[in-house]
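1. fold the following, please.
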Amino acid sequence: QVQFVESGGGLVQPGGSLRLSCAASGFTLDNYPIGWFRQAPGKEREGVSCISNTGRTTDYSASVKGRFTISRDNAKNTVYLQMNSLKPEDTATYYCAPTPPCTYYTHILRDGYDSWGQGTQVTVSS
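-> Just a heads-up that it's a prediction; the model follows:
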């Protein structure tokens, strides 16, 4: 059974940092691009970032570019999202998922992907 487990969220003050982790069981991450997504209360899920299976290609939404860094360690079957300079508008539940090539990673939202994990809550507040 494929399961994605996101962790590393928490409560942080504006300007602070967090590192999220995405681990998979029953699934080998290194064969796939992996995307990070988030959903804030009352809003639709949106794409945040994507990394290719080799790690050579990354993509970021305009709202996080320059502040977030995605990386992966295929030996540990884990993908990370380093989040710096956090803002209150980054508050959301964060999820990871396998995606098409990063140019099209947000297409899984359009295509009705429904194997989301439980996510990890990030709250940015003073």
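2. and residue 56, how close does it get to residue 125?
-> 36 Å (Cβ to Cβ, to the nearest Å). In short, each C-beta sits where N, CA and C put it, glycine included.
3. and those two? which has more neighbours close in?
-> Using other Cβ atoms under 10 Å, the more surrounded residue of residue 56 and residue 125 is residue 125, with 10 against 7.
4. can you count the residues close to the nearest residue to the more buried one once chain neighbours are set aside?
-> Excluding the flanking residues, the one nearest residue 125 by Cβ to Cβ, 6 or more residues apart in numbering is residue 88, at 6.2 Å. Number of residues near residue 88 (other Cβ under 10 Å) recorded here: 11.
5. so residue 4 makes contact with residue 24?
-> Yes: proximity of residue 4 to residue 24 meets the contact threshold set by Cβ atoms under 8 Å, at 5.4 Å.
6. could you say which helix or strand holds the residue most central in space within the chain?
-> Taking Cα atoms, centre = their mean as the criterion, residue 36 is the residue nearest the geometric centre of the chain, at 2.1 Å. Using DSSP states H and E, residue 36 sits within strand 34-39.
7. which other helices and strands contact that strand?
-> If you count contacts as 3 or more Cβ pairs under 8 Å, 6 or more residues apart in numbering; DSSP states H and E, strand 34-39 packs onto strand 18-25, strand 46-51, strand 78-83, strand 92-98.
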